[in-house]
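>>> when you get a sec, could you give me coordinates for this:
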Amino acid sequence: MTSLKESFDPRSNSIGFLRWLMAFMVIFSHAGPLGGFYGGQDLGTQWSTEQSLGGVAVAGFFFLSGFLITKSKMGRASTPRYFWRRIMRIFPGWFLILLVTAFVLAPIAWMRESGSMNGFWDATVDSPLTYFSNNMWLPLNQHNIAGMGTSIPFYTDHGGFEWNGSAWTLAFEFGCYILVAVLGVIGALSNRLIGGIISTGIILLAMMQWFGIGNLGALTGAFGDYRVLLLYAPFAFGILFALFGEKIPIDNRLAIACVLIGGFTYVKGGWLIVGQYAFCYVLMWFAIKATRLKNWDKHGDFSYGIYIIAWPLMQFSAYFGLHEAGWLVYHLVIVAGCHAYAYLSWHLIERPALQLKDWTPRWLAALLARSARPRGVALDWLDPARATAKAGRSAQADSVSPAPRRPAAVSIERAPEYAPATGSSGSPEAGP
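Here you go, the predicted model:
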């Protein structure tokens, strides 16, 4: 039996496949209310009173994110750099889908529903011109565009309309990023006991919420929204996996037991209290064991693009009656459309944005260089464990430094006055 720390290889795992699979679990789940399948309900609610399959997938997303983001923050990147990288991962793709929805999908759908563009661009309520600005910072402040959508299943069956009903989770995701940053600043990631107590506390608060113990909303207004603990709990579980990897066994028998626990609690009850954590363990076990799927996302990380386009595309297709073509045709078209969009989004927007993850403006680089020493002193004061680790690395480097060698004798007559510096490649450009 090996531990998570020993078994997990960041370059050889199937997390990319799992995120892709869970993105499609969300699609299949939402096909119920958006396409009128499964009795008009989210897939999975036919068997569980606690969570749909889409909700199961979202918990898995947050767990894996908690693990990966925490591991990232535990690296050497500064907190500003950490936030810059998170911004470059989330916002470019988000901005794109907002623009595509407001200025491509919605106008075509309006024309299909109304027969003309009259009343669309000059709508006084939920204008397409404000859809981007009202939603650009992740919280969804404008759900509809121009009051449209009264002819499609989500409105006729459920009385509501959302152009992107899946995207509400993004604001909570970024909130979790802030949580990890705070843990890093206060030293709770280097002092694992503190990080473990905080993460376990979040999970216990979530359990209290599902048991109906106490008035958590009285502690803070944030807990008045049940979704906070719903999503932060699996994220916190991922933090624990990142902090205590050497204590978590990766064992086939334990994975089988967790599959049984997850399946039983999903159907019989207790999923949100126990079952989802068993499911999260199975995800990590699978990610480590199924290494043959490690190259699943070699052509791009499409899971994010799939996730944020699926709902708008399903709403858009409803205007053209795609759901009336039957379950198979509907899902084939939606899956193909999501892949096409995600491919373009990744290669045209998301990947180029990620290439800027280490970019720093010249003026800021100069400012950081001048303030490096006082910032280091301040960070050491805030995080004593950081100072201790740095001192340990310095002492170790001093202990292994080789003794200085005497310079070789050089013939003055044969020594050149100048020679281009060369690196390992032997070219002048590779030198210092």
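>>> which stretches of the chain have low pLDDT?
Along the chain, the model assigns pLDDT under 70 to residues 379, 382-390, 392-432.
>>> quick one: contacts for Tyr266?
Shown in contact with Tyr266 (Cβ atoms under 8 Å, 6 or more residues apart in numbering): Gly44, Trp47, Ser48, Glu50, Gln51, Val56, Gly275. All C-beta atoms are positioned from the backbone trio N, CA, C, and that covers glycine.
>>> can you tell me the element it falls in?
Per DSSP states H and E, Tyr266 falls inside helix 252-268.
>>> name the nearest of the contacts of Tyr266 relative to Phe62.
Nearest to Phe62, judged by Cβ to Cβ, of the contacts of Tyr266 is Val56 at 11.2 Å.
>>> can you give me the helices in the stretch 51-200 of the chain?
Counting by DSSP state H, counting those that start in this stretch, the segments of the stretch 51-200 of the chain that form helices are 53-73, 79-100, 106-114, 128-135, 153-158, 168-185, 192-211.
>>> now do the stretch 251-400 of the chain
Applying DSSP H, counting those that start in this stretch to the stretch 251-400 of the chain gives helices spanning 252-268, 276-289, 303-318, 327-345, 351-354, 362-370, 372-382, 384-400.
>>> among those, which comes closest to Pro153?
Pro153 lies closest, by Cβ to Cβ, to one member of those: helix 303-318, at 5.9 Å.
>>> elements contacting the closest one?
helix 15-35, helix 79-100, helix 106-114, helix 153-158, helix 327-345 (3 or more Cβ pairs under 8 Å, 6 or more residues apart in numbering; DSSP states H and E).
>>> of these, which is nearest Gly165?
Using Cβ to Cβ, the nearest of the helices and strands packed on helix 303-318 to Gly165 is helix 15-35, at 7.3 Å.
>>> who are the packing partners of that closest one?
Secondary-structure packing of helix 15-35 (3+ Cβ pairs under 8 Å, 6+ apart): helix 53-73, helix 153-158, helix 276-289, helix 303-318, helix 327-345.
>>> and the angle for the third one with helix 15-35?
If I follow you right, that is helix 276-289. Relative orientation of helix 276-289 and helix 15-35, computed by axes from the mean of the first three to the mean of the last three Cα atoms, to 10 degrees: 130 degrees.
>>> i'd like the first residue to be 29 from this point on
Done: numbering now begins at 29, and the last item shifts to helix 304-317.
>>> then helix 304-317 to PDB, C-alphas only?
Once non-C-alpha atoms are left out, helix 304-317 reads as follows in PDB (Å, rounded to 0.1, in the frame of the first residue of the first chain):
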ATOM      1  CA  GLN A 304     -19.500  12.600  -1.600                       C
ATOM      2  CA  TYR A 305     -16.200  12.300   0.200                       C
ATOM      3  CA  ALA A 306     -16.100   8.600  -0.600                       C
ATOM      4  CA  PHE A 307     -16.700   9.600  -4.200                       C
ATOM      5  CA  CYS A 308     -13.900  12.100  -4.100                       C
ATOM      6  CA  TYR A 309     -11.500   9.400  -2.800                       C
ATOM      7  CA  VAL A 310     -12.500   7.200  -5.800                       C
ATOM      8  CA  LEU A 311     -11.700  10.100  -8.200                       C
ATOM      9  CA  MET A 312      -8.200  10.400  -6.800                       C
ATOM     10  CA  TRP A 313      -7.700   6.700  -6.800                       C
ATOM     11  CA  PHE A 314      -8.800   6.500 -10.500                       C
ATOM     12  CA  ALA A 315      -6.600   9.500 -11.400                       C
ATOM     13  CA  ILE A 316      -3.600   7.700 -10.100                       C
ATOM     14  CA  LYS A 317      -4.300   4.200 -11.300                       C
END
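>>> identify the residues contacting it?
32, 35-37, 41-43, 46, 79, 84, 87-88, 91-92, 95, 231, 261-262, 265-266, 269, 278, 280, 282-283, 285-287, 289-290, 293.
>>> what separates it from the chain centre, distance-wise?
Offset of helix 304-317 from its chain centre (Cα atoms, centre = their mean, to the nearest Å): 17 Å.
>>> my read is that Thr107 contacts Val210, right?
No - using Cβ atoms under 8 Å, Thr107 is not in contact with Val210, being 9.3 Å away.
>>> wait, what's in contact with Ala134?
Taking Cβ under 8 Å, 6+ apart, we find Ala134 in contact with Phe148, Pro156, Tyr159, Ile173, Ala174, Met176, Trp191.
>>> format the residues you listed as a markdown table; extra columns: distance to Ile136 and neighbour count.
Compiled in a markdown table, the contacts of Ala134 are given as follows (distance: Cβ to Cβ, whole Å; neighbours: other Cβ atoms under 10 Å):
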| residue | distance to Ile136 | neighbour count |
| --- | --- | --- |
| Phe148 | 11 | 19 |
| Pro156 | 12 | 20 |
| Tyr159 | 15 | 24 |
| Ile173 | 12 | 25 |
| Ala174 | 13 | 22 |
| Met176 | 11 | 24 |
| Trp191 | 13 | 26 |
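>>> so which of the helices of the stretch 79-228 of the chain is nearest Val256?
Per Cβ to Cβ, nearest to Val256 of the helices of the stretch 79-228 of the chain: helix 196-213, 7.0 Å.
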